[in-house]
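Colleague: just a sequence and a predicted model for now, questions to come.
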Amino acid sequence: MDSTKLKKKYGWSEELEDFFINSNTLLKTQYRGSFRIKKHNDSNFWYYRLGTDISNRDKYLCSVEPKEKSNNQTSFQYSCEVLLSKLQSHFTISIKDKRYLFPYVQQFIDLLEKEGQSSIGRNSKTTSGMIGGLRNFKIWSESNQIKLHIVPTNEMKLEFRNYITYLHDKGITRSSIKGYVQDIRYCLEWLVRDKLMGGLELFPSQPLTIELQNSLLEQICGKPPRPVEKEFRTEYYENSYRDCLTKVRSIWEGYCKNDGVLERIKDKNGKVNQPPHFLGRDIVYFVSLLQLRGGFRVGEVLYSYRNMSIYNEHHLKFYPKDMGSFWDKTEDGWILKIRNSKGKDRDVPINDTIWSWVKPPSWIKCTEVKNGKSVHYETPLIEVIFELFPNSYYSFPSPNHNEKPNGKRSITYYMNSFKDELVTKCGWDKYGVDSSHNLRSFFISYTIRREDITPFQICEITGHSLKVMEKYYLRENLQSKLDTFKKVPQRSLIVKNKDVKK
């Protein structure tokens, strides 16, 4: 569609334009020009082109489909209203505009602070991370006197590159730089976003794209190095699982032997210390056992609530934007219901049991299993956890339980305990495990190669797409490849070739 037909589609005519311009003194003299429609990112916008031969002569007005126009207005009539309002400020958003960018960055920071404290939008942890990087950009843009009017131009791209170079020269890591500049894009997108969508609508578009960001990061910081992971083997996963199960069984067996009392901590001389053993660092065996069985993220287990009521009455009230998980007992057994983890919900059943050869205390429900003369007792893992850890909002309450009965555990302390107990003492580093995050990839790498489990079923449990699992969580398994080649041995190929020759 040619430009004239396109303008007519939105209510324009040559007679209306002439009448409008000749009815306004400034448009007849100082700002003589004509209306245009220009395309940006597959959308059309009204512009007023000044007749004088100057740079930046096209003045942005509005979208050809403005949401604010009244029902009895055409798109062109609304653009005329916008032009009149911009005449009052003499097109301040222009190359002659003296305003700087940094006050608008601060305005965006203020909005993020309010968003973090509100019950909608991003949570406070996310917004505080964004605010830190944007404050650095605000200081840099102020010291470099970056003007507001360059936002929709290619000059903004050059300043974007300069800022990435500045961060790189300061020795900031590539991953941190990526986070900082990504938040700058969000800020500029806010500057151009429709007012009805919470933006300022100062410009029709901004030039900072994800493609530009990634290209500049690669040019300045280089490609991100891929860590070399230790080859995955099935026995690595199985050994890790047995380490955790053996420890949990031992603790539970001792609890049953002592008629529902945990062993006391003893000093090097065998003297009992007070208070009773609270399963301090041993918590890592329980959490890791669940991670290995369900492919959970550590926070989904460590901060799980004991039931749905606590989740509804506490979590949704105080942490409505954060990930939350809770245990729910159904006819089919225990289910960990995870909500808003990376923006997704999922339910994962865990029906494992812990065996003991001593009958648990009378108040604990268990199943007696006879095998010839041997008898053992099976108790659901989740009920074992609830029994061993003090009653609280959380399945794994804070060690400071007496003072803060419903307090959270420190994730930092937990991660350090994981390294000490499992990576170092149990030697999981030889399996390529250096963090609890690795247990998610262990679960995926183990289950995806089983013939009785489909990749789709694993995606349902982990909440990932198959593409994401393959890219970030699937570990190399050389033995699996060797087994594949064994299914088509060289000898069978040679024999078939001989048959053809005969």
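Modeller: On my side now, so go ahead.
Colleague: what strand or helix carries the residue nearest to Leu27 when sequence neighbours are not counted?
Modeller: Nearest non-adjacent residue to Leu27, counting by C-beta to C-beta, 6 or more residues apart in numbering: Ile21, 4.5 Å away. The C-beta positions use only the backbone N, C-alpha and C, and glycine is treated the same way. Taking DSSP states H and E as the definition, one finds Ile21 inside helix 14-22.
Colleague: check which helices and strands that helix is in contact with.
Modeller: On a contact count with 3 or more C-beta pairs under 8 Å, 6 or more residues apart in numbering; DSSP states H and E, helix 14-22 meets helix 25-28, strand 33-40.
Colleague: if you compare those, which one is most tucked away?
Modeller: With neighbours taken as mean count of other C-beta atoms under 10 Å, the helices and strands packed on helix 14-22 reach their highest mean count in strand 33-40, at a mean of 16.
Colleague: next, Arg226: secondary structure please.
Modeller: coil (DSSP: H, G, I helix; E, B strand; the rest coil).
Colleague: please name the residues that touch it.
Modeller: Under the criterion of C-beta atoms under 8 Å, 6 or more residues apart in numbering, Arg226 has no neighbours.
Colleague: returning to that earlier point: in the helix holding Ile21, what counts as buried?
Modeller: Buried residues in helix 14-22, counting neighbours by 16 or more other C-beta atoms under 10 Å, are found at 20-21.
Colleague: okay, stretch 108-122 in CSV with CA atoms only?
Modeller: Only the C-alpha atoms of stretch 108-122 are listed here, as CSV (Å, rounded to 0.1, in the frame of the first residue of the first chain):
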residue,chain,number,x,y,z
PHE,A,108,12.8,3.7,36.5
ILE,A,109,14.8,2.7,39.6
ASP,A,110,12.1,4.3,41.8
LEU,A,111,9.4,2.2,40.0
LEU,A,112,11.4,-1.0,40.6
GLU,A,113,11.6,-0.2,44.3
LYS,A,114,7.9,0.2,44.5
GLU,A,115,7.3,-3.0,42.4
GLY,A,116,9.5,-5.0,44.8
GLN,A,117,7.5,-3.9,47.8
SER,A,118,4.1,-4.4,46.1
SER,A,119,2.0,-7.6,45.8
ILE,A,120,2.2,-7.7,42.0
GLY,A,121,5.1,-7.8,39.5
ARG,A,122,8.6,-9.0,40.1
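Colleague: pLDDT at His437, what is it?
Modeller: Note on His437: pLDDT of 92.
Colleague: so what's the residue most central in space within the chain closest to, chain neighbours aside?
Modeller: By C-alpha atoms, centre = their mean, the chain has its centre lying nearest to Lys342, at 4.7 Å. Sequence neighbours aside, Gly463 is the residue nearest to Lys342 in space, at 6.9 Å (criterion: C-beta to C-beta, 6+ apart).
Colleague: give me the neighbour count for the one you found.
Modeller: Other residues near Gly463 come to 19 when the count uses other C-beta atoms under 10 Å.
Colleague: could you report the distance from it to Gly343?
Modeller: According to C-beta to C-beta, to the nearest Å, Gly463 and Gly343 sit 9 Å apart.
Colleague: ditto for Asn406
Modeller: From Asn406 across to Gly343, the span is 27 Å (C-beta to C-beta).
Colleague: tell me which of those two has more neighbours.
Modeller: Asn406 (14 against 7).
Colleague: how close does the more buried one sit to Asn162?
Modeller: 49 Å.
Colleague: for Gly254, list the residues it contacts.
Modeller: Counting by C-beta under 8 Å, 6+ apart, Gly254 touches 262-263.
Colleague: nothing else from me, thank you.
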